[in-house]
Structure formats: structure tokens, C-alpha cells
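> Structure, please.
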Amino acid sequence: MADLDDRDRKLLTLLADDATPSYAELGKVLNLSAPAVHERVKRLKRDGLIKGIAAKLDGARIGRPLLAFVHVDTNNWSITQQVLGLAELTEVEEIHTITGKSAMLLKVRVRDTQALELLLARIHKIDGITNTTSDIALTSYLERGPLPDTAG
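This is a model prediction of the structure:
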């Protein structure tokens with residue numbers, strides 16, 4: 001784990017919530033100058049704590065209101081690379097290998113159940129996939145990435 005001071009943790013928390021404030025605005029909250037904030041952000045990026053800065057899009061407003069989690073069963077672990085090819089599909093938001101009954105878990109966002117069915121058909125065409133099970137989210141109360149611990 002990286003060596004973070006309280007200001008680094010606060011900066012990461014602020015950026016995780018909203019990455020649009022200027023370095024000067026962030027500096028006011030952190031009691032730092034804008035150049036000092038900029039240097040911290042550069043270091044946090046270089047050290048891999050900040051992977052990138054991206055907009056959080058509203059799935060419903062971009063035409064993909066249906067959020068589903070797809071459990072993927074395979075006949076062996078060697079097909080993981082083939083499943084990773086699904087990352088090219090814009091409907092697929094996350095791909096995880098997991099413990100438990102399934103080998104992988106996909107987080108997908110689609111237009112409707114028909115679009116989900118078409119996506120599942122594409123997944124089933126991958127040689128080595130034996131089954132999928134889908135869970136459709138009814139309401140999402142919280143979606144966020146990891147946050148740093150509040151104390152060192």
C-alpha cells in the first residue's frame with residue numbers, strides 16, 4: 001500500500017466524488033497552493049493510485065437503464081482471455097474472475113431485456129462457456145469506486 005498522508009487521502013476522496021474542480025479550488029479545501037495540488041495529483045497518477053479521470057455517466061439517460069450482473073460458468077480457466085475480449089463491447093462495464101460457483105462476473109448495462117438476451121447469446125457463442133446466470137438490479141443506491149482509509 002502506498003504511503004499516504006491526510007492530504008493525499010482527502011484529495012483522493014474529493015477527486016473520487018468529483019474530478020472537475022480546479023487545482024486552485026481543491027487547494028482551498030486542502031490548504032495547499034494550486035501547484036502543490038497539481039504535484040500531488042501527478043505523483044498519485046505516477047504511483048498508480050489514480051488510474052484515470054472519467055465522467056460518471058447516467059445509464060438511463062444514455063439509453064441503457066437496465067443494469068445486470070452476469071455470472072459466467074466455464075469448462076476451464078484457460079478461456080479467461082477469450083472472455084476478456086468482451087471488454088470491447090460497450091455494454092460490458094466490468095469483468096471479474098471470482099470465487100464461488102461461477103468463474104467470472106460481468107457488470108453489464110443494456111437498453112432492455114431484449115438487449116440483455118442478445119448480449120447473453122453473444123457470450124454463449126464463446127467456446128468454453130457452459131452457462132450464464134443473470135441478476136438484474138432493480139435500484140442502485142450506491143455506485144462508486146474505492147475510497148482511501150480516513151486515517152493512516
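
> and the closest residue to Leu32 other than its chain neighbours, what is it in contact with?
Once flanking residues are discounted, Leu32 sits nearest to Arg7: 6.7 Å by Cβ to Cβ, 6 or more residues apart in numbering. No exception for glycine: its C-beta is placed from N, CA and C like everyone else's. Going by Cβ atoms under 8 Å, 6 or more residues apart in numbering, Arg7 touches Leu30, Leu32, Arg40.

> Surely the first one touches Lys10?
Yes: taking Cβ atoms under 8 Å as the definition, Leu30 is a contact partner of Lys10 at 6.0 Å.

> and the gap between Leu15 and Val92?
25 Å (Cβ to Cβ, to the nearest Å).

> more crowded one of these two?
Between Leu15 and Val92, Val92 has the larger neighbour count (other Cβ atoms under 10 Å), namely 20 against 17.

> Surely the residue nearest to Leu32 forms part of a strand?
No: going by DSSP: H, G, I helix; E, B strand; the rest coil, the assignment for Arg7 is helix, not a strand.

> Show me where the chain has its strands.
66-74, 92-97, 104-110, 129-136 (DSSP state E).

> in the third one, what counts as buried?
Buried positions in strand 104-110, judged by neighbour count with 16 or more other Cβ atoms under 10 Å: Met104, Leu105, Leu106, Lys107, Val108, Arg109, Val110.
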